[in-house]
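>>> okay, predicted coordinates and the sequence, questions at the end:
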Amino acid sequence: MRLFIAAIVLVWSSNLELNAQDSKINWMSVEEVTEALKADPRPIMMDVYTAWCGPCKMMMANTFTNQNLIAYVNKNFYAVKFDAESPTPVTFKGQVFSNPTYDPNKRGRNGVHELSRMLGVNAYPTIVYFNEKFDVITPISGYKQPQQLQVLLTFFSEVYSSDIPSDKMQPLWDNHSANFKGTW
């Protein structure tokens, strides 16, 4: 009987460990995504945040912990978490971006990273969506709940195509968002 109970506990704990692997978004660096795209192209979402941003912290705690969202993002996207005030240089599409105005002695707001500026980020949080070639589709600013992100994520992974002319994209978005029935 003890052996049977020990076996049950072992199976149960192994199951918990497997489930824990998918309980978080698989955040990657820009460089890691660049490499991953070579083997498995897919869209990218980049969460651009700052350490002092309250809504950014709320998204991390309330949105990016939703299990449905986590499963969808991990299956359909590469996800990048990028600190817009980081002092670390980043190589994006062969070009090195840095934060020359970063001051390590400064508390609170700091210099803005060149990559953030190049991506058109001017508010936090912002999620920048990219196609499978790491070309920017659009940045979307503001706090989003899981249900608000679901309509965006499904559009960029299931409807959007860089082969569709930009003048045809707005009607596709209008139709998708009007008929979308969220489940998260």
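Looks like it arrived, so ask away.

>>> need phi/psi at Tyr49.
Dihedral pair for Tyr49: phi -140, psi 170, per degrees, to the nearest 10.

>>> was I right to think Thr154 contacts His176?
Yes: between Thr154 and His176 there is a contact at 7.5 Å, judged by C-beta atoms under 8 Å. C-beta: built from backbone N, CA, C; applies to glycine.

>>> which residues are in contact with each of these two?
With contacts defined as C-beta atoms under 8 Å, 6 or more residues apart in numbering, no residue is shared by Thr154 and His176.

>>> quick one, helices of the chain?
Counting by DSSP state H, the chain has helices at residues 2-21, 30-39, 54-58, 67-76, 114-118, 146-154, 166-179.

>>> the closest residue to Trp27 other than its chain neighbours: neighbour count?
Nearest residue to Trp27, sequence neighbours excluded (C-beta to C-beta, 6 or more residues apart in numbering): Lys81, at 4.3 Å. As a burial measure, Lys81 scores 16 neighbours (other C-beta atoms under 10 Å).

>>> tell me which of the helices of the chain sits nearest to Asn131.
Closest to Asn131 of the helices of the chain is helix 30-39 (C-beta to C-beta; 10.2 Å).

>>> which elements pack onto that closest one?
Counting contacts by 3 or more C-beta pairs under 8 Å, 6 or more residues apart in numbering; DSSP states H and E, helix 30-39 packs against strand 44-49, strand 78-83, strand 90-92.

>>> would JSON lines of those strands with mean pLDDT be doable?
Below are the helices and strands packed on helix 30-39 laid out as JSON lines (pLDDT from 0 to 100):
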{"stretch": "strand 44-49", "mean pLDDT": "99"}
{"stretch": "strand 78-83", "mean pLDDT": "98"}
{"stretch": "strand 90-92", "mean pLDDT": "98"}
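
>>> from the ones you listed, which stretch is densest packed?
strand 44-49 (a mean of 24; mean count of other C-beta atoms under 10 Å).

>>> please state the offset of that one from the chain centre?
Centre-to-centre, strand 44-49 and its host chain are 4 Å apart (C-alpha atoms, centre = their mean, to the nearest Å).

>>> so which elements touch that strand?
By 3+ C-beta pairs under 8 Å, 6+ apart, strand 44-49 packs against helix 30-39, strand 78-83, strand 126-130.
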